[in-house]
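**Q** Fold the stuff below for me.
(2 chains)
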Amino acid sequence: MNVTVAIDTGGTFTDVVAINQQSGAITAIKTPSTPSDPSVGLLDGVRKVLEKVGAEPKDLAMLLHGSTVATNAVLEHKFAGLGLIVTRGFRHMIEIARQSVPDGYGNSFFWVKPPRLVPLHLVREVPGRMKFDGSELEAIDEEETLQAVRELVEDGVKCIGVCLLHSYANGEHERRIGDLIEKNFPGVFVSLSSVVLPEYREYERAMTTLVDVLVKPYCKTYLQSAADRLREQSGDIPFLIMQSNGGVVKHSTAGEKPVTMLLSGPAAGILGAIHMATLAGYDNILTSDVGGTSTDIAIIEKQTPMYTSESMIEHYPVKTPMLDIVTVGSGGGSIAWTDPYGSLKVGPQSAGADPGPICYGRGGTQPTVTDAAIVLGRLPTSLIGGEIKLDLDAARKAYEALGRQHDMKPEEVASGVLEIAAVNQVFGIRKVTTSRGRDPGNYAMVAFGGAGGLFATEVADFLGMKTVISPPDPGNLCALGLHVSDVRRDYIRTMVRRQSVADISEIVSAWTALADEGRRDIRAEGIADSDIKIEYVADVRYFGEGHEVQVTAPEGAAGDAAVAHMWKDFHRVHDESFGFHYEGEQDVELVNLRVRAVGIQSRPQINSTEKVGAHAKPFGSRNVYWKGAGWIESPLYERTELAAGQVIEGPAIVQEYGSTVVVPGGWTCTADRYRNLILTARETQS
Amino acid sequence: MSSKKNMKLGPIELEVIHGTIRAAELEIEAAVERTARSPMIRDQHDYRVALFDAKGRKLTGRSYSAIVEPVFEYFGEDNIFPGDVFFWNDPYNSCGGIGHVPDLCTTVPIFHENKLIGFSQVFGHHDDIGGAVPGSLPVHATDSWMEGVIIPPIKLYDKGVLNEAAFRIITRNSRLEDHLAGDLDAEIGACKLGSRRIVSLAERYGVETLEAAFEQILKNAAEIFRREILPKIKDGVYHYEDYIEADGVEEGKIHALRVTMTKTPDKIVLDFNGTDPEAKGPINWSLDEAEGRYFRKWLAPVLRSLAASPERAAEIDSNEGVLDVIDVVFPKKGTLITPTFGKPTGMRFFLMLRSLGVFAACLSKATDGRMPADHETIRIWGLTGGRNRDDFFLFREVLGGGGPGRPWADGSDVVHIVPNSRNLPAEFSETRYPIMVEQLALKVDSGGAGFRRGGFGYDKRIRALDDCKLISNADRSILGCYGVNGGKIGQNYQVSVIESGVEKVYPGMSDTVVVEPGTSVRVVTTGGGGWGDPLAREADKVLYDLQCGLISEASARDDYGLAVTLKGRKWTYDAAQTQALRERLKKARGTPSMFDRGEAFRAMKAKGMVRYPENWSDPDEGWHAVGEGASFSQAAE
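**A** Residues are numbered from 1 along each chain as shown, chains lettered A, B, ... in the order given. I've put the predicted structure just below:
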């Protein structure tokens, strides 16, 4: 047997999906996560799923993995032992940051600046200065630098970030400092900004470098120990790690630049959503991954996700390319409450996974969105094939109490809570659509995650979206996404040049150098040359502007042709993004050259069902409350029993092992060959 | 989507409507940033947006805004139609809502089924609107006409038709015509986006329900101030004053803003009688119209500092509802805030900050010193040069200053009052302009000492690589930010030119200083005022600042009374000696006053530069720090 396993480690559960490479059979399980030593949960997941499919450890052909180790190190503030080396004159750089205060006008009176990643006394400045064109203005002083490092180490520093001015243009000084540290202090972890992110804007580059070096010890140790155990049981098989850019790399590559692992989990979910939506015939989608405390939202056009280099983790900017995901603090565990002024609120507080909603019976006392769904009859009284019993009475009592505060029946207030939860998601979706000049009506929503199917149609209604897709096993889509990923690495170099005076050959040779580096690295991941794809991307702006747009060269274009395309196409992209352009009127300025190097992996065959049947048959019915219509005895369907092409008219509920999909009146639900459910709004709704 | 007409307003509808309005405010902001042209708007975020109901009452609350009263006053209710776009920047014909000419204000009425249901508005600080100097903020202006083109309220679009003549005249008067034209399109587009959100609510719930929700949203905002804030302020009458130190025109004169705050259980009245006469230079601010509705909404957010926590403060909206709890009384025509027609107003932002400061100081008196100290965060500095249109450059930064010390925390370093206003990275500036950033630092000792000290200001040095002229539009270069409740004053702003090792200091209001290639400009911005007794500050906090090099050894000893010694690279202190030193310092100084305005002010007073009007006495007199700083911090928790 030949089995590929994908494991997505979450905060509470680890999702495991195995695919038999011969038969195409998919097997999914959930195991508890082991935060104290995540490699235990990882190997445990491998063992359990192999047992379930009846395979031996030696049958494991490849392990794909999405991990939260990097994210947790930042979120748990494991900052101790971090030091920073900067150019002389810039010691206060990260204290000053960008001077900006978030939120409302005048908050500077009361807002408290969050602690910096490195306390000021562990920041050292060293002599040596580059100019923006990469020429040397002042040489470095090895003796003085070494003394600075020595003092940092004496003060307890174990991880050092190095960020010198204009190192994106010439990393020589940083490289020499890196060598010095490695030679004299071999146990100390080092990250150089010219390696992590050779992009200009010193504060953001320094922060990205610091996040990289701070997670390095955790990621390297974890990946190494997992790889060792894996080798013991299954031999030298590929062990690939998902990065925030939606691509995988070898575990050893990931450990060298672990800042790229930050959004590993959500990125995989998006890939899974794209894959299933594509099978269903939808290229332009909006993904909504509804978890316990939050919802991750992303836009996909022509099967391609958007990228951003403007992400923040907590208060700290991380500028490595990531999938563009907006997170809103609204999920299945969001708590419904009445504020002191009598207003009904949902979230942002969440019951999370522990204690969880009241109906889970694990000590939750505050009514949540999930409790509202059970009160309304949307959820069954047991989940995961009967393994988890839900306490309807306790949930109902809580909603009776909440209803009394507003002079409403429990089902009325529960229905309102779902409506408010839906609206909270609508605001997040507008951030990636209308706020960026897109009409949400042009996209199909792929709703997944544990609570994805519970009120997706309400969200769609608010936004004028006509189609909602619920993929099979919506709770395991991240692990599926790992299976359909490609190898992917990103390269960047800042090169600020105006079109009117630019030397084209200089741009071409820099871009080609990045591409060569990419091709070499992807080859080293074990990908054949014929499967390597190079995308040329540039960040460009009008001269005088402070913000750039990304222009991508068409497939196959390289060298002079790519540069010519960049100058020309920039105007179109600018117009598309901002609603205006100045073609022929204003000078254009290149800022960053980028290369995305992709190693195409073969996709596993996802089995389609051959089952056909004229009419879907409900297996029972339940009393469900529908807004505007009241309580209706509504049919229940089992998803795995549905055959391709079968149509269900709402109101109805479709259940499966790990999830529930709600089809309100006015919506039609159609099953496809891949067990996707396609929900469409009928044109004439009441 | 269902369209239910005039359903009853319940908690669900209210929350959805309120949530939509809050989200729409953010959405309009995002639209402005995405499509505007001026760096001042896109990067420094110097613009405000708002949604209003049909009566012109402000519904959004994250941020202050201009007002829509000019639409009623200059056109009347019967002359507002779908497709109209109202437009103005006239500081003397905008009902007090626009303070200086670079702020162009765009207002779009919102209609549902031909009924006016609200307004959507954006105003932004544009790069240039003509006048005597690039950037339209001439330091030496003596009337409004020197400051740029003045547009009284007009219809830029009349029922959807562009007034092309007006558009061309307005844009032709800007040095950056393209920027201005682009900005205007962006602002109109953003207003319309906001309108659509209100219209969709009207479609969903019906106008009556929507208007009932508006009413409730305003009531709730007032109620939050009444329940959470007002009870913390002792009833009574309180005075304060603060100064603009120069007006750019008349030398050797300081200009006082004076306020009398009367607090009763349900209301705060701020009476600005006693304020000095209007200035000859551009520091005036024309506010005395429309019952001060603009000014009251500008001032009210100061009260948020008394909320239960900084997190709670950030949640509190200040919409039109705040008019229920705050009132203002203007002096008669001819003062700094009631200037006569045509007096220059370019640097009115000094008074904007000073007005927040005098209000906060009255609140300090009325809360046993529980308010933050003072901070100054708006000033503009830059270098401009070039020989012709092609190599003309304007390197301009809006640099923040140290935040105020407050009971719950030290002041944040180099912050800006405008949300998300950012400084320019050295790597960007050096690539773009003929300059080199030699130092990007915090100014040592600049934060006022205190139990919670003020935040630090900048100490930035930039070498000119070409011929330049220096621009500095800054106040507080003589009189720093006051400290509260025993906290010390923060250090002041300073701009200087360093040539061959010799540093020459220039006035904060300068725009004619020539900078030769190879010489350096140093800009030091204000530190925030300190809060509470510095001698009560925890020793480890003092030691940490010293170890970081943020305060000097002298300050550790003299301001904080810490007996420190350097051992190797580590500072340590001796507990017994510290106690003795602190006792000695306490004895020598006596009970500290409630406010510290520093040496420069004492010197001015001694010279007779501070003159009080009739019925007015020194507002600092008789006010002392209350208790030890430490006891407040416990009370605050």
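**Q** Would you mind listing what in the stretch 351-500 of chain B touches chain A?
**A** Proximity of the stretch 351-500 of chain B to chain A, by CB under 8 Å from any CB of the partner chain, involves residues B:356, B:360, B:372, B:375, B:377, B:399-400, B:403-404, B:406, B:408-409, B:412-423, B:425-428, B:430-432, B:437-442, B:455, B:458, B:461. Yep, even glycine has a C-beta here, placed from its N, CA and C like the rest.
**Q** contacting residues around residue 247?
**A** Looking at chain A here, since you left the chain open. Residue A:247 makes contact with A:485-489, A:598, according to CB atoms under 8 Å, 6 or more residues apart in numbering or on different chains.
**Q** try again with chain B
**A** Residue B:247 sits next to B:253, B:255, B:279-283, B:509 when contact means CB under 8 Å, 6+ apart.
**Q** 6 Å - rerun?
**A** B:279, B:281, B:283 (CB atoms under 6 Å, 6 or more residues apart in numbering or on different chains).
**Q** Please apply the same query to residue B:40.
**A** The neighbourhood of residue B:40, defined by CB under 6 Å, 6+ apart, consists of B:46, B:125, B:127.
**Q** Format those as a markdown table; extra columns: distance to chain A, neighbour count and pLDDT.
**A** Shown next, in a markdown table, are the contacts of residue B:40 (distance: CB to the nearest CB, whole Å; neighbours: other CB atoms under 10 Å in any protein chain shown; pLDDT from 0 to 100):
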| residue | distance to chain A | neighbour count | pLDDT |
| --- | --- | --- | --- |
| B:46 | 11 | 21 | 87 |
| B:125 | 13 | 23 | 91 |
| B:127 | 10 | 22 | 85 |
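**Q** need those residues in JSON lines with secondary structure, can you?
**A** Formatted as JSON lines, these follow (DSSP: H, G, I helix; E, B strand; the rest coil):
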{"residue": "B:46", "secondary structure": "coil"}
{"residue": "B:125", "secondary structure": "strand"}
{"residue": "B:127", "secondary structure": "coil"}
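**Q** what bits of chain A have low per-residue confidence?
**A** Residues of chain A that meet the criterion pLDDT under 70 lie in A:383-387, A:684-686.
**Q** domain parsing for it?
**A** Under the assignment automatic domain parsing, the domains of chain A span A:3-66, A:75-218, A:487-599, A:620-681.
**Q** Please say whether there is contact between the shortest one and chain B.
**A** Same thing as domain A:620-681. No. Contact between domain A:620-681 and chain B is absent, the nearest approach being 7.1 Å (criterion: CB under 6 Å from any CB of the partner chain).
**Q** mind checking how far that domain is from the chain centre?
**A** Relative to its chain's centre, domain A:620-681 lies at 29 Å (CA atoms, centre = their mean, to the nearest Å).
**Q** Specify the local secondary structure of residue A:435.
**A** At residue A:435 the chain is in helix, as set by three-state DSSP.
**Q** Ok, residue A:601 next?
**A** Applying three-state DSSP: residue A:601 is coil.
**Q** pretty sure it is touching residue A:484, no?
**A** No. Between residue A:601 and residue A:484 there is no contact under CB atoms under 6 Å: 8.2 Å.
**Q** For residue A:192, which non-adjacent residue is closest in space?
**A** Take residue A:192 and drop its neighbours on the chain: the residue closest to it by CB to CB, 6 or more residues apart in numbering or on different chains is residue A:174, 4.4 Å away.
**Q** check contacts around that neighbour.
**A** Contacts here follow CB under 6 Å, 6+ apart; on that basis residue A:174 touches A:162, A:164, A:167, A:192, A:194.
**Q** Distance of it relative to residue A:130?
**A** Using CB to CB, to the nearest Å, residue A:174 is found at 9 Å from residue A:130.
**Q** do the same with residue B:148
**A** Here residue B:148 is placed at a distance of 41 Å from residue A:130 (CB to CB).
**Q** Please identify which of the two sits among more neighbours.
**A** Comparing residue B:148 with residue A:130 by other CB atoms under 10 Å in any protein chain shown, the one with more neighbours is residue B:148, at 27 against 24.
**Q** how near is the nearest residue to that one once chain neighbours are set aside to chain A?
**A** The shortest distance from residue B:148 to any non-neighbouring residue, by CB to CB, 6+ apart, is to residue B:131 (3.6 Å). Per CB to the nearest CB, to the nearest Å, residue B:131 is found 21 Å from chain A.
**Q** Can you report how many residues lie near residue B:131?
**A** Per other CB under 10 Å, the neighbour tally for residue B:131 reads 25.
**Q** Name all residues that make contact with it.
**A** The contact partners of residue B:131, by CB under 6 Å, 6+ apart, come to B:146-148.
**Q** tally of neighbours for residue A:565?
**A** 17.
**Q** Tell me if it really is in a helix.
**A** Yes. Assessed with three-state DSSP, residue A:565 lies in a helix.
**Q** does it really touch residue A:555, like I thought?
**A** No. Checked against CB under 6 Å, the pair residue A:565 and residue A:555 is beyond contact range at 11.3 Å.
**Q** Tally up the residues packed near residue B:368, please.
**A** Using other CB under 10 Å, residue B:368 has 16 neighbouring residues.
**Q** Assign it to helix, strand or coil.
**A** When classified by three-state DSSP, residue B:368 comes out as coil.
**Q** so what secondary structure elements neighbour the host helix or strand of residue B:503?
**A** Using DSSP states H and E, residue B:503 sits within strand B:502-506. When contacts are defined as 3 or more CB pairs under 6 Å, 6 or more residues apart in numbering or on different chains; DSSP states H and E, strand B:502-506 sits against strand B:494-499.
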